[in-house]
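Q: okay, structure incoming, though there's no sequence with it:
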């Protein structure tokens with residue numbers, strides 16, 4: 001496995017960030033773990049550093065997508081894993097994403113299974129978006145909005161200028177990879193309830 005960087009965008013996640021970083025460190029002690037502190041007003045940065053992460057700071061909140069871009073620019077690994085800082089994603093699932101990436105894919109997305117959506121309404125909306133995006137790209141898209149993904153860093157950085165600063169970076173990056181002819185795969189995951 002080439003150098004691995006794990007990026008966690010975080011805003012006011014002091015309740016969950018320590019357990020998340022510690023879980024990553026347990027599975028990947030040699031990985032670069034970067035927490036992008038998106039203008040938090042709590043102890044997110046201090047807690048993340050104490051847990052063993054490198055913290056990159058935004059002086060004010062710029063948005064989830066902006067934090068993803070900052071993390072991608074700061075990462076030194078050839079492979080980047082993006083995951084939520086709020087405890088929804090299980091660090092043990094990283095290995096499953098990387099295994100599929102090593103089969104020759106450029107992006108592997110953790111596709112949330114039924115029961116993992118935050119609400120029935122959100123699950124319904126995401127199902128609609130998945131179908132629409134599948135029709136637009138001609139490829140089956142299992143989870144357009146999942147923030148848990150492994151990517152080849154050089155390819156992901158090609159599209160940084162396209163990514164919005166808000167919450168739709170997963171959608172934009174997935175569509176961009178398909179449009180560029182890059183290989184995208186999905187791995188089923190179960191997302192837990194967020195902490196905090």
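A: Yep, it's here. Everything numeric here is computed off the predicted structure, so don't read it as measured data.
Q: contacts and neighbour counts: CA atoms only from here.
A: Will do.
Q: how about residue 90, what does it touch?
A: Taking C-alpha atoms under 8 Å, 6 or more residues apart in numbering, we find residue 90 in contact with 23, 191, 192.
Q: and the second one, how many residues sit next to it?
A: Counted with other C-alpha atoms under 10 Å, the neighbours of residue 191 add up to 21.
Q: just to be sure, it is in a strand?
A: No. Counting by DSSP: H, G, I helix; E, B strand; the rest coil, one finds residue 191 to be coil, located in no strand.
Q: can you give me phi and psi for it?
A: When read as degrees, to the nearest 10, the backbone of residue 191 gives phi -90, psi 130.
Q: could you do the first one as well?
A: Backbone torsions for residue 23, taken as degrees, to the nearest 10, come to phi -60, psi -40.
Q: what's the separation between the closest residue to it other than its chain neighbours and residue 73?
A: Nearest residue to residue 23, sequence neighbours excluded (C-alpha to C-alpha, 6 or more residues apart in numbering): residue 91, at 5.9 Å. Separation of residue 91 from residue 73 (C-alpha to C-alpha, to the nearest Å): 22 Å.
Q: what about these two, which has more around it?
A: For residue 91 versus residue 73, neighbours defined as other C-alpha under 10 Å are more numerous around residue 91 (19 against 12).
Q: so where do the helices sit in the chain?
A: Here the chain has its helices, by DSSP state H, at 17-27, 44-50, 64-74, 94-101, 120-137, 153-157, 169-179.
Q: give me the buried positions along the third one.
A: In other words, helix 64-74. Within helix 64-74, the residues that qualify as buried are 64, 65, 66, 67, 68, 69, 70, 71, 72, counting by 16 or more other C-alpha atoms under 10 Å.
Q: which members of those residues are the farthest-apart pair?
A: 64 and 72 (12.4 Å; C-alpha to C-alpha).
Q: rewinding a little: what's near enough to touch the residue nearest to residue 23?
A: 20, 23, 24, 27.
Q: got a list of what the last one touches?
A: Residues in contact with residue 27 (C-alpha under 8 Å, 6+ apart) are 91, 92.
Q: roughly how far apart are it and residue 37?
A: 22 Å.
Q: any idea how far residue 181 is from residue 104?
A: Distance from residue 104 to residue 181, counting by C-alpha to C-alpha: 13 Å.
Q: residues in contact with the closest residue to residue 13 other than its chain neighbours?
A: In this structure, residue 13 finds its nearest non-sequential neighbour in residue 44, 5.5 Å apart by C-alpha to C-alpha, 6+ apart. Contact analysis of residue 44 by C-alpha under 8 Å, 6+ apart lists 10, 11, 12, 13, 14, 15, 17, 37.
Q: cool, thanks, signing off.
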